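**Q** The following block contains a protein sequence and its predicted model.
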Amino acid sequence: MSTRRILLLALGGVAVLVSLAFLATGGLALWLDSTRDDDGFFTTSTEPFETTAFALESEDLDVASDAPGWLFGSGRFGDIRLRGESLDPSRAIFLGIGDREAVASYLDGVAVDVVTDVNFEPFEPTYRREAGARAPGAPGDQTFWEASAQGRGPQSLRWTVEPGEWTVVVMNADGARGVGVDLQLGANIGFVRGIGIGFLAAGALLLLGGAVMIWLGASRDPSETEPTDATGGIGLTDATRDGPGESRGDDPGRGGDPSPGP
């Protein structure tokens with residue numbers, strides 16, 4: 001087998017394997033896209049978060065803060081939706097997203113719990129306590145929030161993600177200590193379907209190309225056929241053409257020495 005055919009078979013096999021990975025990724029992306037809710041959001045389950053501090057706070061959300069604006073402009077990352085309701089129906093809650101430095105200044109010296117991790121099976125949030133003795137003002141009176149919602153009953157905050165460093169805050173609307181809420185996080189990521197279609201198309205092309213390379217590698221090259229002699233035989237030696245048990249030296253008609261007579 002020629003080096004060319006071996007190379008085609010090897011490259012074709014690699015292309016087929018890569019195509020299967022692409023097809024699986026594309027199928028997974030389209031399946032995820034089908035799990036959106038009626039508003040187009042991927043959502044978590046609704047779970048309780050509680051603290052004896054004045055606020056619940058996310059860790060810093062760094063969204064391409066060092067990237068050029070033309071590359072990651074407003075709306076490129078989709079939308080985030082935060083839904084919440086107080087565990088105490090008589091209490092109004094506040095949901096807000098704000099610039100990290102502005103939130104840090106507002107809650108400086110205030111006892112807060114930072115949500116550092118969430119385990120969903122079983123549900124168990126992990127908090128880091130930031131100690132403080134000062135009571136904050138009402139969060140709704142602040143002007144730095146990029147998006148916010150407050151009131152009794154179910155509340156919903158929706159924010160179009162922008163580059164920067166952000167913090168999510170959940171508090172009682174009056175700023176009082178002791179926060180207990182049921183929360184659900186949702187994300188509307190518009191490019192999931194496009195990613196799925198792109199991976200499926202690339203996978204199909206790779207699969208077709210790999211199949212063609214394997215077929216070419218497995219097919220016999222005409223230049224590799226065995227040579228034939230002038231009589232049409234394939235690789236026949238003179239001894240084979242003379243027939244079994246015959247040789248040129250034994251043929252008297254070809255100048256061989258006859259055996260001496262008695």
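**A** Done, it's in. Numbering: from 1, shown residues only.
**Q** Paired strands for the host helix or strand of residue 168, with orientation please.
**A** If you go by DSSP states H and E, residue 168 is part of strand 164-172. When pairing is defined by DSSP bridges, strand 164-172 lines up against strand 55-58 (antiparallel), strand 61-63 (antiparallel), strand 93-99 (antiparallel).
**Q** any idea of the angle the next helix or strand after it forms with strand 93-99?
**A** Using DSSP H and E, the helix or strand that follows strand 164-172 in sequence is strand 179-188. Angle, strand 179-188 to strand 93-99, by axes from the mean of the first three to the mean of the last three CA atoms, to 10 degrees: 50 degrees.
**Q** Go through strand 179-188 and flag the buried ones.
**A** 179, 180, 181, 183, 184, 185, 186, 187, 188 (16 or more other CB atoms under 10 Å). Where you see a C-beta, it was placed from the backbone N, CA and C, and this is true even at glycine.
**Q** Skipping its backbone neighbours, what lies nearest the last one in space?
**A** Residue nearest to residue 188 in three dimensions, not counting chain neighbours: residue 79, with 4.3 Å by CB to CB, 6 or more residues apart in numbering.
**Q** Phi and psi next, for that neighbour.
**A** phi -120, psi 150 (degrees, to the nearest 10).
**Q** what's the answer for residue 153, then?
**A** phi 80, psi -170.
**Q** Now do the residue nearest to it when sequence neighbours are not counted against residue 46, distance only.
**A** Distance criterion CB to CB, 6+ apart; nearest residue to residue 153, sequence neighbours excluded, is residue 85 at 6.4 Å. According to CB to CB, to the nearest Å, residue 85 and residue 46 sit 9 Å apart.
**Q** Comparing the two, which residue is more hemmed in?
**A** Neighbours were counted for residue 85 and for residue 46 using other CB atoms under 10 Å; residue 85 has more, 18 against 13.
**Q** Tell me what the more buried one is bridged to.
**A** Bridge pairing for residue 85 - DSSP bridges - gives residue 182.
**Q** Could you report the separation of it from residue 106?
**A** Residue 85 is 23 Å from residue 106, by CB to CB.
**Q** Can you give me the buried ones in the helix or strand harbouring residue 211?
**A** Using DSSP H and E, residue 211 sits in helix 192-218. Within helix 192-218, the residues that count as buried by 16+ other CB under 10 Å are 192, 195-196, 199-200, 202-203, 206-207, 210, 213-214, 217.
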